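Visitor: Predicted structure and sequence below. I'll ask about it afterward.
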Amino acid sequence: MKKMSVIAGMIVVVGIVVGIFIAVSITTPAFSYPVLEVSDGQVYAIGETATINITLSEVPNGLSGYNLSISLSNTSVAEIISVSFPGWATLHSNSSLPADSVWIKAVDLNDKIKRGEKNITLAILTVRGDDYGDTEIITTVTKMDDDEGNPINPSIKYGKFDPSPSLYFNPQYLKTDVGSKAIVNLVLEKAPNGLSGYNLTVSLSNPEIAEIISVDFPEWATTLHINSSLPADFVWMKCVDLRNQVKSNDTNITLASITLICNEKGKTDLVITVTKMDDDDGNPINVSASTGLIEVVKACFDTGPGTYPSIPGTHICTIIPSENITVSKLYTYPCPGTGGHTEYAAIAYTNGTVIAEAHWNGYIGDWHNISFDKEFTLFANQTYNLTIRTGSYPQIIHEHSKEATGGTITCISFVDANGRRYNNWIPAIRLE
């Protein structure tokens, strides 16, 4: 019995030694476990697409193939529209797309993926944003084997797809005149989780063209808001929605109305820089900021081109500008291949008082244009008399009245070089 007890004791001792050995081997593993990672994706407008990479961190014993299923947790936000496979995946297939989920299979027939390789691309998904919000990209491993036929059981890191709302100007493009004021609204396309507040800057790319002179905030921001000193070529603005008036999923939210004075002819971008914008949960709102454009032109009165038949003579017309126009010269559209021009022009008030006159200097220099003896302004919605005496063959608009760029022109009379009289011959001209 003593001998048996010794043997039993030996067995116990051996068991303890083995137990200790196993414990040590577990706490100091020889290799790490693979991770299957789905990358995040983001788009900045509804309808845009993003690519999502599915990668495996490492394959200690190579990779024979896989069968995966990918699905979206929020099917209203996005849709999987296509999948592409890497070059090593000689044999591959997938379920029908577009869809909210897809299964994908691939086999490494040519043993391109070697033992110990890292960061192996398994597939690339293309996902389209259909609405604002976010969705997890959930991946399930149905089967994945190494080169020895043993299963690979990776841990999985889900990806996230997040369509971002647009931050834009309304209007996005504005064409206006020198000396005029322009108002543009800064608009957030959607606030999926509400809007706590923002801190942003709007600047002009070409400060010689225009200047920001004031900022007005909407009703929801009246409690707490501030902006930098104006006038200036940039303005920073801050405001907070203290009364929670901007709700989740509100759309086309006006953040501010910006007034500019347009000083010079040319173009300038309106550039948005977002320092901070948070939703009602305190999370940042990642927006796609669009650039606006202001084009400043010198206002003119332009009938546009006319046609044949044509003959020189004297035109008496009335013009009614639709906007204030500063005038210093008159251009005459000539018939092709001719020297059509204006020899004399006069602008007068309806009482006959002449405002300015212009005389032609012959076929020298820019002979299509004649300059008035002084610069003057035609005011919007006022009626003026225009007398023009033409030479050669100017283009003619054969109408009694014409809606032109910058106003309306009406033929009172036209007497041609042969003494014939008409009331539907308008000279094709531009006043600027």
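Guide: Yep, it's here. Residues are numbered from 1 along each chain as shown.
Visitor: average model confidence for stretch 326-346?
Guide: Mean pLDDT, stretch 326-346: 92.
Visitor: check contacts around residue 184.
Guide: For residue 184, the contact set (CB atoms under 8 Å, 6 or more residues apart in numbering) comprises 169-171, 174, 257-258, 260, 270, 292, 294. Every residue, glycine included, has its C-beta placed from N, CA and C.
Visitor: same thing with residue 228?
Guide: Applying CB under 8 Å, 6+ apart to residue 228 gives the contacts 234-237.
Visitor: In helices only, show me those residues.
Guide: Judged by DSSP state H, helices contain none of the contacts of residue 228.
Visitor: Put the buried members of those into a PyMOL selection.
Guide: Buried subset of the contacts of residue 228, written as a PyMOL selection, criterion 16 or more other CB atoms under 10 Å:
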select buried, resi 235+236+237
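Visitor: Sort out which one of the contacts of residue 228 lies nearest residue 189 for me.
Guide: The closest of the contacts of residue 228 to residue 189 turns out to be residue 237 (CB to CB; 17.9 Å).
Visitor: For the closest one, which non-adjacent residue is spatially closest?
Guide: residue 227 (4.6 Å; CB to CB, 6 or more residues apart in numbering).
Visitor: And for the one you found, the neighbour number?
Guide: 20 (other CB atoms under 10 Å).
Visitor: Over to residue 394?
Guide: Look at residue 394: counted by other CB under 10 Å, it has 26 neighbours.
Visitor: can you give me the strands in the stretch 201-350 of the chain?
Guide: 210-216, 224-227, 234-240, 250-262, 266-278, 288-289, 292-297, 301-302, 313-321, 325-332, 341-348 (DSSP state E, counting those that start in this stretch).
Visitor: May I have the beta-bridge partners of the residue lying closest to residue 284 once chain neighbours are set aside?
Guide: Computed as CB to CB, 6+ apart, the closest residue to residue 284 that is not its neighbour in sequence is residue 278, at 5.9 Å. Taking DSSP bridges as the rule, residue 278 bridges to residue 197, residue 284.
Visitor: Surely residue 278 touches residue 286?
Guide: No - in this structure residue 278 lies outside contact range of residue 286 using CB atoms under 8 Å: 10.8 Å.
Visitor: out of those two, which sits in the more crowded spot?
Guide: Here residue 278 and residue 286 are compared on neighbour count by other CB under 10 Å; more neighbours surround residue 278, at 18 against 13.
Visitor: Roughly how far does the more buried one sit from residue 47?
Guide: Distance, residue 278 to residue 47, by CB to CB, to the nearest Å: 26 Å.
Visitor: Listing request: residues of the stretch 51-200 of the chain with sub-threshold pLDDT.
Guide: For the stretch 51-200 of the chain, the stretches with pLDDT under 70 are 133.
Visitor: now the strands: where do they sit in the stretch 51-200 of the chain?
Guide: Using DSSP E, counting those that start in this stretch, the strands of the stretch 51-200 of the chain run over 65-72, 78-84, 91-94, 101-107, 117-129, 135-145, 155-157, 159-163, 166-170, 173-177, 181-191, 197-204.
Visitor: closest to residue 63 out of the strands of the stretch 201-350 of the chain?
Guide: The closest of the strands of the stretch 201-350 of the chain to residue 63 is strand 288-289. By CB to CB, the value is 37.7 Å.
Visitor: related to what we said a few turns ago, tell me the contacts of the residue nearest to residue 284?
Guide: With CB under 8 Å, 6+ apart, residue 278 has these contacts: 195-198, 284-285.
Visitor: mind running it again at 7 Å?
Guide: Going by CB atoms under 7 Å, 6 or more residues apart in numbering, residue 278 touches 196-197, 284-285.
Visitor: Wait, residue 163 touches residue 41, no?
Guide: No - Residue 163 is beyond contact range of residue 41, at 9.2 Å (criterion: CB atoms under 7 Å).
Visitor: How much space separates the residue nearest the centre of the chain from residue 269?
Guide: For the chain, residue 290 is the residue whose C-alpha lies nearest the centre (CA atoms, centre = their mean; 4.0 Å). Distance of residue 290 to residue 269, given as CB to CB: 10 Å.
Visitor: how about the contacts of residue 278 in JSON lines, adding distance to residue 425 and neighbour count?
Guide: Shown next, in JSON lines, are the contacts of residue 278 (distance: CB to CB, whole Å; neighbours: other CB atoms under 10 Å):
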{"residue": "196", "distance to residue 425": "66", "neighbour count": "20"}
{"residue": "197", "distance to residue 425": "63", "neighbour count": "19"}
{"residue": "284", "distance to residue 425": "66", "neighbour count": "10"}
{"residue": "285", "distance to residue 425": "61", "neighbour count": "21"}
